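attaching a predicted model along with its sequence, questions to come.
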Amino acid sequence: MVSFLYGIILQEKAGVLSLSDEIGAAVSYVRQNIREDISQETLADCAGLSLSRFKSRFKKETGMTPREYINQLKIREAKRMLQENQSVTRVALDLGFGSSNYFAVLFKKITLYTPSQYQKMIQEKESGDK
């Protein structure tokens, strides 16, 4: 499942996915506001669609729910921040998560590592590259 979602994001990043203007506007909003607490209602407004229609169209066009997409991008940003040795709590707060515990659970669900394990793995890799 993780590799499937990662593949979707890579395709989208490479411009392979063709998004409608409405869903494209929502995706753009997520990218520009990734450090905020982004509600699906806000994205539906951004797309000019009702919430139920937005969720349906988003899933159809991207292959994932709006929440899955937001979480994937937040975890991608979290990985970047953790590579800069920022604390797990700081990363969680900066990305708009309600708690560092929820952030850690979501991070592990998506990456299969806890944030601390990921940070340690990156540090070991960097020290091995030198």
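Perfect, thanks for sending it.

buried residues, the host helix or strand of Val30. List them.
Here Val30 sits within helix 21-32, counting by DSSP states H and E. Applying a neighbour-count criterion of 16 or more other Cβ atoms under 10 Å, one finds Glu22, Ile23, Ala25, Ala26, Val27, Tyr29, Val30 buried in helix 21-32. No exception for glycine: its C-beta is placed from N, CA and C like everyone else's.

and the furthest pair within those residues?
The most widely separated members of the buried residues of helix 21-32, counting by Cβ to Cβ, are Glu22 and Val30 (13.4 Å).

residues touching Gly48, list them.
Contact analysis of Gly48 by Cβ atoms under 8 Å, 6 or more residues apart in numbering lists Glu22, Ala25.

now do it against Gly128, distance only.
Distance, Gly48 to Gly128, using Cβ to Cβ, to the nearest Å: 50 Å.
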